[in-house]
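> How does the following fold in three dimensions:
(chains A and B)
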Amino acid sequence: MLEINHLKSRIGDTEILRGMSLSVNAGEVHAIMGPNGSGKSTLAQVIAGHSDYIVTDGSVSYMGKDLLELEPEERAREGIFLGFQYPVEIPGVNNAYLLKAAVNARRKHQGLAEVDAFEFLKIAREKMAMLGMDPKFLNRGVNEGFSGGEKKRNEILQMAMLEPSLAILDETDSGLDIDALRAVAEGINTLRAPDRAIILVTHYQRLLDYIEPDFVHVLSEGKIVRSGDKSLALELEERGYDWVHEAATA
Amino acid sequence: MKPAAFSMEKLREAVRSLPNDALSTTRAAALANLDEHGFPTTRHEDWKYTDLGQAIDISNRWLASGTASTPNESLNKSIAVLTKSIDANWLIISNGLVDTTRFDEDTGIQVDRFSESAAPFIVDRPLADLNAALLQDGLRVQIHTATEKPLGLLVIDEADDGASVSQVNVEIEVAPGCDVEVVEYHCSSGVGDHYSNSVVALNVGEAAIAHYVRIQDRRIGHVQTGRVSIALGKDARLKMASYDVGGGLIRNDIDVDLSEPGADANFNGLYLAGDGQHIDNHTRVDHRVGPASSSQEYRGILSGHSRCVWNGKAIVHKGADGTDANQENHNLLLSENAEIDAKPELEIYADDVKCSHGTTVGQLDEAALFYLRARGLDIQQATEVLTLAFATDLVGRTPVSATRDVVSSLVESRLAKLIADQAS
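Next up is the predicted model:
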């Protein structure tokens, strides 16, 4: 589904990704771990198409298409979903409006009819109940005045509504208390599907206690320096990132 | 190039040709006043950013071509549509001519024409003299009791070939203790050039409340100068909102006089400007006694080659202790060719005073734009959503609820147009 080949990317004059490669197939859950500044969030932003991140080398193909040629909105409509580390507050834009506009943009692209207001509300309420969200959040401004946990739940709500083919969740566990973490993780688990791939970008392994990844990769200085199964995450937790970094440069 | 001078000679002829009626003395006095002060020019501090050359040019051409105002039948259809769009009791001034035929006689409201009764009180401010000199008729409206529907004032002009000018003058008196709603709606159409000059006086009696909405949706390119002079009585309240969505060269002067204690004036404004538009909002609050409060929030969205001015003056006179004055002006610039001149002006001569002001000028939030695009909205849709969000608060807070649908649809469609023009 996703093929990243020797990808190099910079922001301003700083090179962050330095030739990273990764292959993700449908149905798989990958965890990308690494210390701060290793390039985890950059990877997420590059895949979503943020224009501040300049790709200088390498390629990214998604479902056989050259992803780097597509605008951010085209990527979203093609089924890529980025769960933001810091979801943006947009006062004055109704949460329900954004959800509906997002769902319909994707449906239109797929050649499907727009979802009607009644059906939309019904689905949105179901998904909100699953995530333990109060339905009144639908009528608030997008993320406006939401707590950290509410913002992350809102991201997963958007993901649940959009049913993406590839979801990249950037530090979705950060800033969550244990109840919120459990609710968010359960939400993500119910979205695991044979035709969907999920990439979890995370600093700590605690999210992986709730969501079991098929693969764990360690990113260091813009490259994947080690890959393994879920046991790698536990080993990391025990031995720290220096261990991988030293092993890689030795 | 030397700005064209206003043709005083032709103006005198035009004034002489008007019928001898209750307004004759007023016209003569106004003419003398105009003779002395002339048209404001950019050398005047209050007119620094707004050159009235276009208004002078249209006036000169109109004066040279003979100045008859004729009722325009083609306006009837527009009037029917507009008066239906907001559920109000409508007084109409079309092409400068007063029309009370659509007004439902209401025991609570007395309407008199200047030409048949007393002349208007002359507001001693720039362009009010031009208005009074050329005035054919005007309206004095006295509201004695709260009414079921808002009082509507529709100012509509149809500009045929060539140039036309209309003068509008309305005085509204709100009796003590009344809670009233007033809508002032300006619009125009037609292929010709048009200049509309309006003077509205609103006197709000003791402990009365005036909910006041002013909508300007003139044809792009048409010129309007409009003055609203508001005086609040003891413990009276003003809740006002102005929406400028059309026009070419537009200058609004909102003057609020607080001469009685306990008065509270809240007035907000939204202006949307695109290519070739120049929208100037000058507000002035005179705090003459305390305690009294005033607050204003103006917001602007500018695209293309447009220019807007917001100048908020608050004068706290000597002895006006207990004054609370707050002004805010926020602007969103969608184009690097757009210009805003924002100027708060506080003059404080009293001791116990709370005054604050805040002005911001910014672009669309890039992070919000990317967030929306990452959810599948294209740039144009995301831009529309974010600019509308910037305006939506003021639209939602319209003090006359009967105007909400019209205001939000005018704002939405104008924003969509501005953004589409910007993208092309």
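
> I'd like the average pLDDT over stretch A:220-239.
Average pLDDT, stretch A:220-239: 89.

> list the contacts for A:Ala183?
Contact analysis of A:Ala183 by CB atoms under 8 Å, 6 or more residues apart in numbering or on different chains lists A:Leu131, A:Gly132, A:Arg153. In this view, the C-beta of every residue, glycine as well, is placed from N, C-alpha and C.

> From B:Gly376, how far off is A:Glu78?
For A:Glu78, the distance to B:Gly376 (CB to CB, to the nearest Å) stands at 9 Å.

> circling back to that earlier point, make a ChimeraX selection of whichever of the contacts of A:Ala183 turn out to be buried.
Provided next is the ChimeraX selection string for whichever of the contacts of A:Ala183 are buried by 16 or more other CB atoms under 10 Å in any protein chain shown:
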select /A:131,153
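
> Reformat the contacts of A:Ala183 into a markdown table and put secondary structure and pLDDT next to each item.
Shown next, in a markdown table, are these (DSSP: H, G, I helix; E, B strand; the rest coil; pLDDT from 0 to 100):
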| residue | secondary structure | pLDDT |
| --- | --- | --- |
| A:Leu131 | coil | 86 |
| A:Gly132 | coil | 85 |
| A:Arg153 | helix | 92 |
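
> Of the contacts of A:Ala183, just say which sits nearest to chain B.
A:Arg153 (16.0 Å; CB to the nearest CB).

> Confirm for me that the closest one is in contact with A:Ala129.
No - using CB atoms under 8 Å as the test, A:Arg153 is too far from A:Ala129 to be in contact (11.7 Å).

> quick one: B:Asn20 from A:Gln45, how far?
77 Å.

> hmm, I was thinking of B:Asp421
Where A:Gln45 is concerned, B:Asp421 sits at a distance of 31 Å (CB to CB).

> out of those two, which sits in the busier spot?
In terms of neighbours (other CB atoms under 10 Å in any protein chain shown), A:Gln45 is the more surrounded of B:Asp421 and A:Gln45; the figures are 24 against 14.

> name the element the more buried one belongs to?
Counting by DSSP states H and E, the element that carries A:Gln45 is helix A:40-48.

> what's that helix packed up against?
Contact here means 3 or more CB pairs under 8 Å, 6 or more residues apart in numbering or on different chains; DSSP states H and E; on that basis helix A:40-48 packs against strand A:2-11, strand A:14-24, strand A:29-33, strand A:53-62, helix A:72-77, strand A:80-83, strand A:166-170, strand A:197-202.

> any idea how far A:Lys122 lies from A:Met161?
In terms of CB to CB, A:Lys122 sits 12 Å off from A:Met161.

> So if I had to pick from those two, which one is more boxed in?
Set A:Lys122 next to A:Met161 and count neighbours by other CB under 10 Å: A:Met161 wins out with 21 against 11.

> who does the strand or helix carrying the more buried one touch, helix- and strand-wise?
Using DSSP H and E, the element containing A:Met161 is helix A:148-162. Packed against helix A:148-162, as judged by 3+ CB pairs under 8 Å, 6+ apart, are the following elements: strand A:80-83, helix A:95-109, helix A:117-130, strand A:166-170, helix A:178-190.

> Spatially nearest residue to B:Asp235 (excluding sequence neighbours)?
Spatially, and ignoring its direct neighbours in sequence, B:Asp235 is nearest to B:Gly262 (3.7 Å; CB to CB, 6 or more residues apart in numbering or on different chains).

> Correct me if wrong: that neighbour contacts B:Pro291.
Yes - counting by CB under 8 Å, B:Gly262 does reach B:Pro291; the two are 6.8 Å apart.

> higher neighbour count, the two?
B:Gly262 (19 against 15).

> which residues touch that one?
B:Lys234, B:Asp235, B:Ala236, B:Pro291, B:Ala292.
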